[in-house]
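In: sequence-free structure coming up:
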């Protein structure tokens, strides 16, 4: 049996806003998202991405700010961000929705092989 922990915020969250983002990000990922190639090769790693969020709250682009060292994990992270993530858009001083770029907390891809510990 493989236990998968996909998201874990690196370090401790500084405030409740950080916790809120982490919880929302964790909800985007499931055990089915772990790439088969990565599972077969026991690849794990932390991926930090920078996203561009449009006025509609959707992620319009995603780039790797810090690679896991495994392109398949990096690409899967961006694919999930582009396909599933939704954010409240940034606001200007007149409270109009505006596009914005920001870096997300690290996504931690982990495989724990329970059989190895038996």
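Out: Sure, I can see it. Model, not experiment: these values are computed from the prediction.

In: Could you tell me the per-residue confidence at the spatially most central residue of the chain?
Out: The centroid of the chain falls nearest to residue 107 when counting by Cα atoms, centre = their mean (4.3 Å). Turning to residue 107, the model gives it a pLDDT of 94.

In: Bridged to it, which residues?
Out: Going by DSSP bridges, residue 107 is paired in beta bridges with residue 47.

In: can I assume it is in contact with residue 44?
Out: No: with contact defined as Cβ atoms under 8 Å, residue 107 does not reach residue 44; the gap is 11.4 Å. To be clear about C-beta, it is placed using only N, CA and C from the backbone, and glycine gets the same treatment.

In: all strands for the chain, in order.
Out: 2-5, 45-53, 59-66, 90-91, 97-98, 100-103, 107-113 (DSSP state E).

In: among the ones you listed, which is the most enclosed?
Out: strand 45-53 (a mean of 19; mean count of other Cβ atoms under 10 Å).

In: Show the average pLDDT along that one.
Out: pLDDT averaged over strand 45-53 gives 97.

In: now the angle from that strand to strand 107-113?
Out: 150 degrees (axes from the mean of the first three to the mean of the last three Cα atoms, to 10 degrees).

In: Show me the contact partners of strand 45-53.
Out: Strand 45-53 is contacted from outside by 10, 59-70, 73-74, 77-78, 81, 85, 87, 89-90, 99-109, using Cβ atoms under 8 Å, 6 or more residues apart in numbering.

In: show me where pLDDT drops low in the chain?
Out: Within the chain, the segments meeting pLDDT under 70 span 1-20, 113-118.

In: Counting residues, name the longest helix you see in it.
Out: Counting by DSSP state H, the longest helix found in the chain is helix 71-84.

In: tell me which residues in that one are buried?
Out: 72, 73, 74, 76, 77, 78, 80, 81 (16 or more other Cβ atoms under 10 Å).

In: what helices or strands is that helix leaning on?
Out: With contacts taken as 3 or more Cβ pairs under 8 Å, 6 or more residues apart in numbering; DSSP states H and E, helix 71-84 sits against helix 36-40, strand 45-53, strand 59-66, strand 107-113.
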